[in-house]
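J.: Pasting the sequence and the predicted coordinates here, then a few questions.
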2 protein chains.
Amino acid sequence: MTDKFMSMKNLKFTLHSRGGKYCSKTPDYLKDHTAKTIDLVLKAAFDLGKKAMHPMFEEMDRQPPALINGNVLVHKGVRPMLETLGKDGWISASFPEKWKGDDMPASLIHCINFIFAAANYSASVYAGLTMGAANLILSFGSEKLKNIYLSPLLAGKWQGTMALTEPEAGSSLGDLCCEALPVEEGHYKINGEKIFISAGDHDGVDNVIHLMLARIKGAPSGTKGISLFLVPKFRPDEQGNLMDNDLIVTQVFHKLGYRGAPIVGLRMGEKDNCTGYLVGRENKGLSYMFQMMNGARLEVGMGATAIATAAYHAALDYCRTRHQGRKITAPKDSAPVPIIQHPDVKRMLLFQRAVAEGSLALILQCGMYEDILARDPSQTDCHLLLELLTPIAKTYPSEMGILSTSNAIQCFGGYGYCDDFPVEQHFRDMRIHTIHEGTTGIQGMDLLARKVTAENGRAMVLLKEEILLTAEKAGRWAELEDMADTLLSNITLLEKVTMEMTAVAGKKGLDAYLANATLYLEMFGIVVIAWQWLSMAQKAAEKLEQERTKKTDRLFYEGKIHVATYFYSHELARVKSLSMTLQSETMVTLAMPEVCFTD
Amino acid sequence: MTDKFMSMKNLKFTLHSRGGKYCSKTPDYLKDHTAKTIDLVLKAAFDLGKKAMHPMFEEMDRQPPALINGNVLVHKGVRPMLETLGKDGWISASFPEKWKGDDMPASLIHCINFIFAAANYSASVYAGLTMGAANLILSFGSEKLKNIYLSPLLAGKWQGTMALTEPEAGSSLGDLCCEALPVEEGHYKINGEKIFISAGDHDGVDNVIHLMLARIKGAPSGTKGISLFLVPKFRPDEQGNLMDNDLIVTQVFHKLGYRGAPIVGLRMGEKDNCTGYLVGRENKGLSYMFQMMNGARLEVGMGATAIATAAYHAALDYCRTRHQGRKITAPKDSAPVPIIQHPDVKRMLLFQRAVAEGSLALILQCGMYEDILARDPSQTDCHLLLELLTPIAKTYPSEMGILSTSNAIQCFGGYGYCDDFPVEQHFRDMRIHTIHEGTTGIQGMDLLARKVTAENGRAMVLLKEEILLTAEKAGRWAELEDMADTLLSNITLLEKVTMEMTAVAGKKGLDAYLANATLYLEMFGIVVIAWQWLSMAQKAAEKLEQERTKKTDRLFYEGKIHVATYFYSHELARVKSLSMTLQSETMVTLAMPEVCFTD
């Protein structure tokens, strides 16, 4: 068994295959990074993933975090890993030079996250969470907070978290009731409870810094009265000594997967001695958090993509080496063949590639928009596109990843159901992604209620322009013409459905408009991924035209076009049925009264 | 939290809602069982499931079987459970009076299996496997073998197994190489290895009796040289003492789910002293085994159905009692509502009901055909229908059950990912069913290569007749007319696709014909389940017409019609897209060479 968990060749191909108007306008969106420096960065990330993360992939799952005497004990490899990630500048990579960062573009950060998460998803989240928390401090914190907290966080010595969820307020953040009582300028006493806090406490670091949402006493109810606080586990005093901050771990959740990372419950202020520091302005907490949340959602999508990728490589290796059965037309006494030769096994591998590689392409497309925006904030069209695509980049990999890792298990047959192979763990690790950072249901509402309607539907117009550009370019290759046509008719269908649903909103109200938001998101997602596949197929066709392309590379590019063909015949075809459901007038989820669920 | 794992009301409704030509021809297919005696049987099964199986549902998962000093130790509750199942006649229920059985019809046995598996899937398989093995002995074994082995098996003192799989021959049974050397009349020395043997050894019984496939030395290669043997763990001598039979457990597999039952590897004949007894005639083993396999496949479908049902009830209870969020049109400061009121949550519950209740109906439809055949073997049409529907009854619940239990998790949000609630276990327990007793790929080939083509496609003609009858009857209710029409157009589409695929077989050969067999099975399955839903909706409409129907029952029947509506608008709609893929000419799984999977 090889231990391949990702393909560097495919990652680079995908990163360098970005298409569309914005890419050609600003081809330097990767800043000063050349193909060569990118290679070096990715190679270094790969080496670290392979050596420091991948070897403990199984062990971290089998020996999950435990709460012992109030302390959360994690795998002994976590501390040295975080030290290395800090020391070698991976946690600070996206930060400005002032904080010893490399100001690295988002696209590359996504690639690095991909590599780490494919190597070991649970291990990869620790640093990712710290980056998110540090980013909030950098963007909205006072100079004092920055000076105290950023360095140890970016050095991997302290852990950062995002602490939102409460027992009685999960997806409904407006209902949260964790309280902050002002004591002096910028200082508050925090009192309340949080649950499901990822990396919310562990012995792989010396301190944990929570970026926590709470309600200042007397603030308005609902989402308008939420503020953001920095709440450390230990408060550094003037001399830098760490003092207890009255923040205790109430439980470690025992989870289906993603077991290498501790998800904990927290209790603040039991002795009325938990200090929190206001980050930014009062009652603006949710908007700050949402700024980070978009990034976090792309990261969740990338996590799911990476897990699907690792599972695919395990399955591919097995299907190439496992001999069983023969072609139905072969003589009965012929030798068994590698199972990859069976069309149905090939179908399962194609499906996994279609999901994993298509998802990767979409997230890197989003990364491109992020990077263009970061250079030039006046590119508001990029912002609209990024906003529109984020719920899809979060959801498509997460939902389809469940099926993709399930197909990886199926490739192994009975062995896939046993823990001798990694795919059952990938299947478990995958299942969190449709839940954390906003469930699929929430993403659907976000897409339909906010993103599609924003600026009179302008984002959809922009997306169509991008797709038309890709289809036009691809249409120049005879073998891609059919796909280009199919994509165009599907975007037209999507527009039609969108307009019909908007008409429903006018006639039957918002509830009816949003009742099928999740299905709309599913349909939208397939069309968007089809766009990415056409874009990749076009790049591959371009490469195949070049005479200098090597033979092994040719197989890779031919493979890309085959997977694109698969996507169009097997996956994009699903759009038709979804459109039928969305156009149906039954509205059964509204029509059926709850009391009819008698049994 | 209630602990409801199934609905007796729904089970009885489904059992008594069988429709079609055969039911009305032979309304007494349940033999002398009246509604009243059926109630008594189901009630007794429910009590046993609730008291002896459900309480150890979690524990059996958390304390999985362990191999210690060559012995497989299982949960301490297994032995008393098997004793009760034996003593109270559940294991022998389907057997003739001669063996202290009740000659119980297959339909009722399926209902009992459903109840037990919903209570605790892992616990339910022990007795199921013994029944299968005992059935093989009863059907094909010599009088001597029956006299020695049947009584202790049916008493729950000995465990029965079906031992097919070998390390190098999984789905490809023709390649198995376990060897049998004749020593005296009917006695053989067995030498070889088996893997993935469910309940293949454990300390909850005094002996384990394997019904094992092996090849008699010198027998033809392939499937024609396979014989069936009874291979006990301990050989009873003339005095009934149990002697060691040189059969050792090589490993206990560590599995994703289904952890309460031991799946083991076996080594026979290490000391050249393992005796096996021929069951039936030489080289006929595979045909005997297949006779049982059909029953086993329905049981797998029922297991998946039961797990999906239990997960649904857990989710329903949570969605009714968990308050979070509010209607999008409600005032922001209104109180949070039970999440069942959110349309997207209702959609997830409807999906789970659609899968679980539709699957239950199909398996009971198959049970009806089994029972008619058992009374009157000349009803060959029933045999054809049963054969046609078996791969669907195995696969639809198993494949859709993955999504159904996944939706149950989603209803719980983050809590669903934690082991505080049972749904993550149901999700894990579910995942085996697309693999054991013939993978989904195998079922697709079985449907398309054998069942659809049998007797010149006669089974399809019969199925269409059944469906027309249901549609015609349902069409008499105005509110079901649309559904009846939709079903008819879908069966026409299925016929069309089938004919086109047959044409492909003629033109491009068998490989091309079978390349998309799994997708064909998926399409076929949805149409068949739509038929079952229309049948249930029709019964519900009939009940609603009756004035004496009670108010709470009315809600139940109205609910049924809503779920049927959901199935037609959300699930049956998927057939269109599947037909597009099946009609596409790309054939990408055949066209793409294996070498293109470079990365």
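T.: On my side now, so go ahead. Source: prediction; values computed, not measured.
J.: quick one: the longest helix seen in chain A to chain centroid distance?
T.: Ordering each helix of chain A by length in residues (DSSP state H) puts helix A:285-321 first. Distance, stretch centre to chain centre, for helix A:285-321: 4 Å (C-alpha atoms, centre = their mean, to the nearest Å).
J.: buried ones in it?
T.: A:285-286, A:288-289, A:292-320 (16 or more other C-beta atoms under 10 Å in any protein chain shown). Just so you know, the C-beta spots here come from the backbone N, C-alpha and C atoms, and that holds for glycine as well.
J.: Strands of chain A, start to end?
T.: Counting by DSSP state E, one finds strands in chain A at the ranges A:66-68, A:71-73, A:158-163, A:179-184, A:187-198, A:207-216, A:227-232, A:234-236, A:242-244, A:247-252, A:263-268, A:275-279.
J.: Packing partners of the second one?
T.: So the one you mean is strand A:71-73. Applying 3 or more C-beta pairs under 8 Å, 6 or more residues apart in numbering or on different chains; DSSP states H and E, one finds that strand A:71-73 makes contact with strand A:66-68, strand A:247-252.
J.: tell me the most buried of those?
T.: Among the helices and strands packed on strand A:71-73, the stretch with the highest mean neighbour count (mean count of other C-beta atoms under 10 Å in any protein chain shown) is strand A:247-252, at a mean of 19.
J.: Neighbouring strands of that strand in the sheet, and parallel or not?
T.: If you go by DSSP bridges, strand A:247-252 pairs up with strand A:263-268 (antiparallel).
J.: Residues in contact with the partner strand: which ones?
T.: Identification of contacts with strand A:263-268 by C-beta atoms under 8 Å, 6 or more residues apart in numbering or on different chains yields A:67, A:72, A:163, A:178, A:190-198, A:200-201, A:210, A:212, A:231, A:246-253, A:255, A:274, A:276.
J.: That strand: how far from the chain's middle?
T.: Relative to its chain's centre, strand A:263-268 lies at 24 Å (C-alpha atoms, centre = their mean).
J.: Compute the inter-axis angle for that strand and strand A:179-184.
T.: Angle, strand A:263-268 to strand A:179-184, by axes from the mean of the first three to the mean of the last three C-alpha atoms, to 10 degrees: 50 degrees.
J.: Using PDB, write down the CA coordinates of strand A:263-268.
T.: Output in PDB follows, covering the C-alpha atoms of strand A:263-268 (Å, rounded to 0.1, in the frame of the first residue of the first chain):
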ATOM      1  CA  ILE A 263     -14.200  19.900  20.800                       C
ATOM      2  CA  VAL A 264     -15.100  21.200  24.300                       C
ATOM      3  CA  GLY A 265     -17.700  22.900  26.400                       C
ATOM      4  CA  LEU A 266     -16.700  25.900  28.400                       C
ATOM      5  CA  ARG A 267     -18.000  27.700  31.500                       C
ATOM      6  CA  MET A 268     -16.900  31.300  32.100                       C
END
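J.: That strand versus strand A:227-232: what angle between them?
T.: Going by the same axes, to 10 degrees, strand A:263-268 makes 100 degrees with strand A:227-232.
J.: mind checking how far A:S584 is from chain B?
T.: For A:S584, the distance to chain B (C-beta to the nearest C-beta, to the nearest Å) stands at 4 Å.
J.: Next up, the contacts around the closest residue to that residue other than its chain neighbours.
T.: Closest residue to A:S584 apart from its sequence neighbours, by C-beta to C-beta, 6 or more residues apart in numbering or on different chains: B:S569 at 4.5 Å. Shown in contact with B:S569 (C-beta under 8 Å, 6+ apart): A:T581, A:S584, A:T586, A:V588.
J.: what does A:H33 give?
T.: A:V41, A:P105, A:L108.
J.: phi, psi of the second one?
T.: Backbone dihedrals for A:P105, given as degrees, to the nearest 10, come out at phi -60, psi 150.
J.: Which pLDDT value belongs to it?
T.: A:P105 carries a pLDDT value of 94.
J.: how near is it to chain B?
T.: Taking C-beta to the nearest C-beta as the measure, A:P105 falls 24 Å from chain B.
J.: separation between the nearest residue to that residue once chain neighbours are set aside and chain B?
T.: In space, and not counting its chain neighbours, A:P105 is closest to A:D371: 4.5 Å by C-beta to C-beta, 6+ apart. Distance from A:D371 to chain B, counting by C-beta to the nearest C-beta: 25 Å.
J.: Does A:D371 touch A:Y29 like I think?
T.: Yes. In this structure A:D371 lies within contact range of A:Y29 using C-beta atoms under 8 Å: 4.3 Å.
J.: Cheers, nothing more for now.
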